[in-house]
Structures are given as C-alpha cells and as structure tokens.
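Peer 1: The sequence and its predicted three-dimensional model are supplied below.
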Amino acid sequence: MLIRMTGLGTLVALLVAGAVAIGGALGADSDGTKAARTALVIDAAAARDGRDLVDKRLRALDAELRLPRTPTEARTNLRYFDAQDYRLVVTGPLAAAAGDTTGIPAARAPDIRGAVAAVGR
C-alpha cells in the first residue's frame, strides 16, 4: 500500500509541475519573458459615460481598472500596481497628479479613447 501511495504522490506532483509549467509558458512572450500586465487608473469622473458609472469600453478591456475619487485613492492605486509590476496608464487630473507626486512612471492618456488604445500597445 505504501508503494502505491508513493507512486500516486509522484504522479500528482508531476501533474502539478506540468500544469505550472504550461501556465507559465502561456503567460510568457515568445522570448520567454513574462507578458506585461496593464492597469488603468482613471479618475472616477472621467470614466463615466452619461448615466453609466463606467464607460462600456472600459468594461471589455483585458486590464485591471481602478477609478479613484480622491488624490489619496489615486496614489494608493498607483503604488499597489507599481509594486505588482503592472504597466500603468493614467487618465484624468487626479491620476496624473498621483503619478507626479509618487514618482511612479505611468503612461498618460488624454481621455478614455486614449486609455483603451494604450491597453492594446
């Protein structure tokens, strides 16, 4: 019975290792480096579309999205994503000022259209 359990444990370990390797390969670029994740930090007021609190174009993106309402929230969002090695895009005066005060490098988009385009780059 011990031999069978050890064999089963080895099999499980190999399956887990294979799954991790495949997951890592799928998240990497062709040169083996990990693909950059993108985060958008957009002033809450700038992210609205009429009565919608979040513009529909932002909902469909493959990126993290934060909509700060205050300068403190904007700085916190930037610091969090910077610590996680995200590529950052900011839109709006609060988010842009947060980039300036924290010294965290972030691409600036003039509006929602620019932010959406920046995710594709």
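Peer 2: Everything's here; your move.

Peer 1: Now do the strands in this protein.
Peer 2: Taking DSSP state E to define them, one finds strands in the chain at 38-42, 64-66, 87-91, 107-108.

Peer 1: what about residue 82, how many neighbours?
Peer 2: 18 (other Cβ atoms under 10 Å). C-beta here means a position set from N, CA and C on the backbone, and glycine is covered the same way.

Peer 1: Let me see the contact set for the closest residue to it other than its chain neighbours.
Peer 2: Nearest residue to residue 82 in three dimensions, chain neighbours excluded: residue 104, at 4.6 Å (Cβ to Cβ, 6 or more residues apart in numbering). By Cβ atoms under 8 Å, 6 or more residues apart in numbering, the contact list for residue 104 reads 78-79, 82, 88, 98.

Peer 1: can you rerun that using 7 Å?
Peer 2: Residue 104 is in contact with 78-79, 82, 88, counting by Cβ atoms under 7 Å, 6 or more residues apart in numbering.

Peer 1: Can you give me the distance of it to residue 64?
Peer 2: Relative to residue 64, residue 104 is positioned 15 Å away (Cβ to Cβ, to the nearest Å).

Peer 1: Check residue 85 too.
Peer 2: Residue 85 is 12 Å from residue 64, by Cβ to Cβ.

Peer 1: Which one's more surrounded, these two?
Peer 2: residue 64 (16 against 9).

Peer 1: Tell me how far that one lies from residue 76.
Peer 2: 14 Å.

Peer 1: repeat for residue 41
Peer 2: Distance of residue 41 to residue 76, given as Cβ to Cβ: 10 Å.

Peer 1: more neighbours, these two?
Peer 2: A count of neighbours by other Cβ under 10 Å puts residue 41 above the other of residue 41 and residue 76, at 31 against 16.
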